[in-house]
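Visitor: Pasted the sequence and its predicted model underneath.
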Amino acid sequence: MEAISIVVTDDHPAVLHGVVDVLKSNSDMNVVAACTSGTAALRAIRELAPTVAVVDILMPGLNGLDLVASISAERCPTNVVVLTATASEEQLTRHSPSLFSVFGVLPQAVSGCHRI
């Protein structure tokens, strides 16, 4: 089975590197680009056509919502997983019709502690 190709986008280096490290630890996943802006991510998605893009919503410049809208408008085959600390899936889909193409929403913040 071929590894799932992934583009990860977040403007916070610690979050970006953390997500990339977790994904790289899985042999079924291949991070093909780690981007710190929506503009860089869109360029990588166009060029690399990854299976999945993990996208932060709040970024300067081309934010995650605009990035998702561009991916949707261009009919890119990439599935999108939104990474956000600020909004629920219901809030996001209610405010942005382009997010109906989003595969899932992962909250950055986790309340309490979880044993791993």
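Guide: Cool, the structure landed. Numbers count the residues shown, from 1 in each chain.

Visitor: remind me which residues of this protein are low pLDDT?
Guide: Applying pLDDT under 70 to the chain flags the ranges 86-116.

Visitor: now with 50?
Guide: For the chain, the stretches flagged by pLDDT under 50 are 100, 109-116.

Visitor: Let me see the ranges of the helices in it.
Guide: With DSSP state H as the criterion, the chain has helices at 13-24, 38-48, 64-73, 89-95.

Visitor: closest to residue 7 out of those?
Guide: Counting by C-beta to C-beta, residue 7 lies closest to helix 38-48 out of the helices of the chain; the figure is 5.0 Å. Placement of C-beta: from N, CA and C, glycine included.

Visitor: what's the angle from the closest one to helix 64-73?
Guide: Computed with axes from the mean of the first three to the mean of the last three C-alpha atoms, to 10 degrees, the direction of helix 38-48 lies at 30 degrees from that of helix 64-73.

Visitor: what does helix 38-48 rub up against?
Guide: With contact meaning C-beta atoms under 8 Å, 6 or more residues apart in numbering, helix 38-48 is reached by 5, 7, 9, 32-33, 35, 50, 53, 55, 59, 61-64, 66-67, 70-71, 74, 76, 78.

Visitor: Can you say which of those are buried?
Guide: When neighbours are counted using 16 or more other C-beta atoms under 10 Å, the contacts of helix 38-48 contain these buried positions: 5, 7, 9, 32-33, 35, 50, 53, 55, 59, 62-64, 66-67, 70-71, 76, 78.
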